[in-house]
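A.B. asks: Structure for the following, please:
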Amino acid sequence: MKALITGGFGFVGQHLAFELKNNDYQVFSTDRIGMGIKMDILDYDEIRFVLEKVRPDIIFHLAGIAYVPSSWKDPELVIKTNTIGSLYLFDAVRSVGIDPIIQIAGSSEEYGLVLPEECPIKETNPLRPLSPYAVSKIAMDMLGYQYFKTYGMKIIRTRAFNHEGYGRGEQYVTSTFCKQIAEIEKKLKPAIIYHGDLSSERDFTDVRDMVRAYRLAVEQGQPGEVYNIGSGIKHTVSEVLSIVKKLSKVKVMDEIDPKRMRPSDVKTLLCDSSKFKKLTGWKPKYKLEETLSECLRYWREQM
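C.D. replies: So this is what the prediction gives:
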């Protein structure tokens, strides 16, 4: 079984490639700068060339901009990359004349403003985006549904809640905490962790559990359907910070940094993944403490 991962050298893509290879998939990964197969998701001709060359049975569409704050700085680029890039991929698949299963990696950010009585969040919850990033993911999500209905393409939509672990980019909250700890331990900075809003509540899943869910989604999911994927456990960012501080080899303080505050933020994201669990039997294996320990191990190695 040939699997193509767009954006396959990103944080999730590398874990997904490992998961697939361990389950007897032949894996091809693309990257904009050519670490694997060179493919810019905004270059239709490159996409078409790669699809002609690989002719995959399955496509995991991970290519895109994933950092929410960047969408306030350059909303045009984020919307082009995440939405128009997906459109190019779908059209290129049709043009080449292949019929792969396509998993598109949506986000819990699509739900945006969630009311307290709406938690945990089901797939049927209203979408009230609070960032250009969320808008771009909703557009990709809806394009996937439309191409399924209009052209019969085997597109499976997933909405992943926060997923963390080894190799996570330093701009994300769990990773920035772990990086700062590693720097403090090496005496590269004062013993102070800087942070933004600690009151936000998130549903954290280990990336190893998430990529296993992505594999199960293409193996057992129904085209046209959308599936929430998350742990179903809620933690405040303050709790995450406390765990990371306990994992530290040195005593650290923490201090708010106004530059780390977002213009608008989703206060609570808690996943109801019962639909996906009932279909596949998936459930998380790793606890948050294990995930954060892996993230810290990564940054200690980088130091």
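A.B. asks: where do the strands sit along the chain?
C.D. replies: Per DSSP state E, the chain carries strands over the ranges 2-6, 26-31, 37-38, 58-61, 101-107, 154-160, 163-164, 192-195, 201-203, 205-206, 226-229, 234-236, 253-256.
A.B. asks: Among these, which comes closest to I121?
C.D. replies: strand 226-229 (6.7 Å; CB to CB). C-betas here are computed from N, CA, C, even on glycine.
A.B. asks: Just name whatever secondary elements the closest one is in contact with.
C.D. replies: Secondary-structure packing of strand 226-229 (3 or more CB pairs under 8 Å, 6 or more residues apart in numbering; DSSP states H and E): strand 154-160, helix 207-220, helix 274-280.
A.B. asks: before we move on, the earlier item: any chance of the strands of the chain in a markdown table, plus mean neighbour count?
C.D. replies: Shown next, in a markdown table, are the strands of the chain (neighbours: other CB atoms under 10 Å):
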| stretch | mean neighbour count |
| --- | --- |
| strand 2-6 | 25 |
| strand 26-31 | 20 |
| strand 37-38 | 16 |
| strand 58-61 | 25 |
| strand 101-107 | 25 |
| strand 154-160 | 24 |
| strand 163-164 | 26 |
| strand 192-195 | 18 |
| strand 201-203 | 23 |
| strand 205-206 | 25 |
| strand 226-229 | 25 |
| strand 234-236 | 17 |
| strand 253-256 | 12 |
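A.B. asks: Mind telling me which of those the model trusts least?
C.D. replies: Sorting those by mean pLDDT places strand 253-256 lowest, at a mean of 89.
A.B. asks: Just the residues contacting that one, thanks.
C.D. replies: Strand 253-256 is contacted from outside by A191, I192, I193, Y194, H195, G196, L241, K245, using CB atoms under 8 Å, 6 or more residues apart in numbering.
A.B. asks: now stretch 172-179
C.D. replies: 67, 164, 168-170, 193, 195-196, 204, 237, 240-241, 244, 291-292, 295-296, 298-299, 302.
A.B. asks: That'll do, ta.
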